[in-house]
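*Asks:* Next one to model:
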Amino acid sequence: MIIPNYLKKGDEIIIIATARKISEVEIKEAINIIQKNGFKVLLGPHIYEIENQFAGKDEFRIHDLQWALNHSTAKAIFIARGGYGTVRLIEHVNFIEFKKKPKWLVGYSDITVLHNAIHASGISTLHATMPLNFTKNEEATNMLFDFLIGQTKSISIESHTLNKNGISNATIVGGNLSLLYSLSGTPFDLDTKNKILFIEDLDEYLYHIDRMMMQLKLSGKLKNLAGLIVGGMTDMKDNSIPFGKTAEEIMIEAVKEYDYPVCLNFPAGHLDKNLPIIFGKKASLLVNSNQTTLNY
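*Replies:* You can find the predicted model right below:
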C-alpha cells in the first residue's frame, strides 16, 4: 500500500464538495484554520454550487472531484462535508493521474465511497474530521494536521466493558457501516481479509444495524478479520417494540464466535471528537480490560 507524502508548510490543500451543499460561511473558519497551520487553500471551481440538497449537479461535482484527483501540485484533498451524493460520482472518475501523484484524501461518512475506491488503487487515505466540523473539537482538528505532517500519534482510550481483549497488527480499512453495506457486490466492495475493520454509523434503527452486521457476517467479511474497531454509533433509533439490544451488543453478538480483539466506542465517526484513523496503513491494536491503544 502506498502512503502519500506527508505535508510540509506551504503545501496546497484542495477543498471540494462531493455530497451535500456547502456555503462559504460554513467553511470560512476552516479555511482560516488551514492557513494558520501553514498551508495554502485551493477551492473546487464549483464548491458553492447548489442543486436541491447536493453541492451542485452531478456533472459539476464529478468535474471537481476529477480536477482534485488529477491536480499536479496539491498534497491533500479535503471533502468539505458528508451527507449523501458521492456514490453518484464514483463510476465517472478515474484514478490514473492520482496513482502517479498520490495525495491524502481526507473525510468520513459519505466519503467512505472514496476511501474504498482509492484503496482499490493501492493508496492510503485518512478517515478524519472535515472542514464543516473543524470548530467542533480542537483536539480532533489539531490531530488531523499532525497526521498530515507525519506526526502520527498513539491513541489510548478507556476500554468498554464489552470489548474483546487481544493484540493485532494489521492494516485498517472501513468507514461508515451503511456505506459499506451499500457498496457490497460493487467494484468498490471492501476486502476485509486479515484487516482491522473500522465501522461507525449515525441515525440508524437498531434492527437495521443488526441487518447490516448480518450481511457482513454472511458475506464472510467478519470471519477472517484481524480485529474490529467500532467508532461512534451515534443517535441510534428504536421501534415502538424495542429491538432489545444496544448497538454495541449487536456488534459483539455478530463476532462472538471469532477470536480477534474488538474495541467499542473508539472516538471516531459522527462525533465532535472525531480522531483520525489512517486507512491502508499497518497499525497495532491492543485491547485489554483497562485500556485500548491504537499505534501506527
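*Asks:* residue boundaries of the strands in the stretch 151-296 of the chain?
*Replies:* Using DSSP state E, counting those that start in this stretch, the strands of the stretch 151-296 of the chain run over 155-158, 166-176, 196-202, 227-234, 262-263, 277-279, 282-287, 291-295.
*Asks:* Quick one: residues in contact with the first one.
*Replies:* Right, strand 155-158. With C-beta atoms under 8 Å, 6 or more residues apart in numbering as the test, strand 155-158 has contacts from 263, 265-267, 275, 290-294. Just so you know, the C-beta spots here come from the backbone N, C-alpha and C atoms, and that holds for glycine as well.
*Asks:* Using PDB, write out every CA atom in that strand.
*Replies:* What follows is strand 155-158, C-alpha atoms only, in PDB (Å, rounded to 0.1, in the frame of the first residue of the first chain):
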ATOM      1  CA  ILE A 155      -4.400   6.900  20.700                       C
ATOM      2  CA  SER A 156      -5.400   5.400  24.000                       C
ATOM      3  CA  ILE A 157      -8.900   5.200  25.500                       C
ATOM      4  CA  GLU A 158     -10.600   3.600  28.400                       C
END
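*Asks:* May I see the buried residues of that strand?
*Replies:* Ile155 (16 or more other C-beta atoms under 10 Å).
*Asks:* ok, it: who's next to it in the sheet?
*Replies:* According to DSSP bridges, strand 155-158 forms sheet pairs with strand 291-295 (antiparallel).
*Asks:* got it, and the third one?
*Replies:* In the sheet, strand 196-202 lines up against strand 166-176 (parallel), strand 227-234 (parallel) (DSSP bridges).
*Asks:* what about it, distance to the chain center?
*Replies:* Relative to its chain's centre, strand 196-202 lies at 8 Å (C-alpha atoms, centre = their mean, to the nearest Å).
*Asks:* tell me the angle it makes with strand 282-287.
*Replies:* 70 degrees (axes from the mean of the first three to the mean of the last three C-alpha atoms, to 10 degrees).
*Asks:* Name the residues that touch strand 196-202?
*Replies:* Contacts of strand 196-202 (C-beta under 8 Å, 6+ apart): 108-109, 127, 168, 170-178, 180, 209, 221-222, 225-235, 247, 266, 268-270, 277, 279, 283, 285.
*Asks:* Can you say which of the strands of the stretch 151-296 of the chain is nearest to Lys103?
*Replies:* Closest of the strands of the stretch 151-296 of the chain to Lys103 is strand 277-279, at 14.1 Å (criterion: C-beta to C-beta).
*Asks:* same for that closest one, what does it pack against?
*Replies:* strand 125-127, strand 166-176 (3 or more C-beta pairs under 8 Å, 6 or more residues apart in numbering; DSSP states H and E).
*Asks:* What's the mean pLDDT across the last one?
*Replies:* Same thing as strand 166-176. Computed over strand 166-176, the mean pLDDT rounds to 98.
*Asks:* now do stretch 144-152
*Replies:* On average, stretch 144-152 scores 95.
*Asks:* Now do it: distance to the chain's middle.
*Replies:* 16 Å.
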